[in-house]
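Visitor: Compute the structure for the input listed below.
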Amino acid sequence: MANQNILSEIRDNVLYVTINREHKLNALNKDTLTELAEAIELAANNDEVRGVLLTGAGEKAFVAGADISEFSNYSIEEGEELARAGHKNVFDAIESCPKPVIAAINGFALGGGLELAMACHIRIASDNAKLGLPEVSLGLIPGYGGTQRLTQLVGKGKAIEMITTADMITAAQAEKIGLVNYTVPQTELITKSEEILNKIKLRAPLAVASAIKSINASLQYDVDGFETEIKEFGKCFDTLDFKEGTTAFLEKRKPVFIGK
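Guide: Alright, predicted model coming up:
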């Protein structure tokens with residue numbers, strides 16, 4: 001894919017996406033968000049892709065925030081539209097992607113950068129990473145789902161503390177409160193992310209997609225998560241992968257799934 005702000009390639013059934021604005025600490029601007037939206041759409045609709053590994057260029061930052069210069073003079077209406085479009089096209093699209101998306105947090109994940117990581121299904125942080133939502137220090141609040149996803153991940157009390165103090169926390173602290181799944185040395189960050197994706201790639205793709213959809217439903221106020229699980233469970237019985245999985249189990253061999 002030819003992009004100006006991200007690098008992307010499919011390798012071993014994984015879409016590797018790198019936000020490539022190292023000189024700006026990989027800050028999110030409109031063009032970068034547009035390219036991210038295109039990459040996630042590709043991942044969702046390309047049968048070759050079994051997972052996504054998202055990271056930032058360099059060793060200093062995953063994403064150090066949004067590009068403030070683009071919206072410093074916005075009106076109320078423009079601010080709402082900025083948030084609404086970001087939710088729909090990027091952050092919600094990542095969360096609802098049927099392929100697992102892992103954020104490999106290789107440094108600062110601040111503001112929109114932490115919101116981007118939280119939209120991903122799994123988060124791995126390098127031990128030098130710093131995470132936070134500093135928006136109130138700019139007279140703003142998180143606008144890309146941060147108030148909601150942080151609360152879901154770490155609980156109301158910790159979310160209020162982090163957002164209202166605007167303090168950063170270390171990767172070790174983030175792991176302790178459940179904000180990231182693992183903290184590893186920076187040299188092992190991509191390897192650890194690939195290790196998890198390689199395990200998922202051995203599983204039935206349609207079942208993985210159904211699991212993601214069902215888990216997401218548990219956090220949607222207008223959706224019955226139990227009913228979603230029941231329906232997705234039932235749909236699995238009409239797949240070739242279910243037939244292969246059960247046959248392989250009975251024949252005491254490893255299954256070979258084809259995603260159908």
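
Visitor: going forward, measure contacts between C-alpha atoms and count neighbours the same way
Guide: OK.

Visitor: before we move on, what SS does the residue nearest to residue 13 when sequence neighbours are not counted have?
Guide: Once flanking residues are discounted, residue 13 sits nearest to residue 49: 4.7 Å by C-alpha to C-alpha, 6 or more residues apart in numbering. The assignment at residue 49 comes out as coil when based on DSSP: H, G, I helix; E, B strand; the rest coil.

Visitor: Residue 49 touches residue 43, doesn't it?
Guide: Yes - counting by C-alpha atoms under 8 Å, a contact exists between residue 49 and residue 43, whose distance comes to 5.8 Å.

Visitor: Compare those two (neighbour count), which wins?
Guide: Relative neighbour count places residue 43 above the other of residue 49 and residue 43, with 26 against 21, counting by other C-alpha atoms under 10 Å.

Visitor: on that earlier part again, shared neighbours, residue 49 and residue 43?
Guide: 15, 99 (C-alpha atoms under 8 Å, 6 or more residues apart in numbering).

Visitor: Show the residue spans covered by the strands in the stretch 51-200 of the chain.
Guide: Read by DSSP state E, counting those that start in this stretch, the stretch 51-200 of the chain holds these strands, from start to end of the chain: 51-56, 61-63, 101-105, 108-110, 122-126, 130-132, 169-170, 182-184.

Visitor: Run through the chain and note the low-pLDDT ranges.
Guide: Residues of the chain that meet the criterion pLDDT under 70 lie in 1-2.

Visitor: Report the central residue of it.
Guide: The centre of the chain sits closest to residue 120, judged by C-alpha atoms, centre = their mean, with a distance of 1.3 Å.

Visitor: Quick check: chain neighbours aside, which residue is closest to that one?
Guide: Closest to residue 120 by C-alpha to C-alpha, 6+ apart is residue 101, at 5.3 Å.

Visitor: Contact partners for that neighbour?
Guide: Residues in contact with residue 101, defined by C-alpha under 8 Å, 6+ apart, are 51-54, 94, 120-122.

Visitor: Residue 239: which of the residues you listed is nearest?
Guide: residue 51 (19.9 Å; C-alpha to C-alpha).

Visitor: so the closest one touches residue 197, yeah?
Guide: Yes - with contacts counted by C-alpha under 8 Å, residue 51 reaches residue 197, the gap being 6.5 Å.

Visitor: Find residues that contact each of these two.
Guide: Common neighbours of residue 51 and residue 197 are listed as 14, 100 (criterion: C-alpha under 8 Å, 6+ apart).

Visitor: neighbour count winner among those two?
Guide: residue 51 (26 against 20).

Visitor: And the more buried one, how far from residue 27?
Guide: Here residue 51 is placed at a distance of 24 Å from residue 27 (C-alpha to C-alpha, to the nearest Å).

Visitor: Now do the buried residues in the helix or strand harbouring residue 9.
Guide: Counting by DSSP states H and E, the element that carries residue 9 is strand 6-11. Along strand 6-11, the positions that meet the burial threshold by neighbour count (16 or more other C-alpha atoms under 10 Å) are 6-8, 10.
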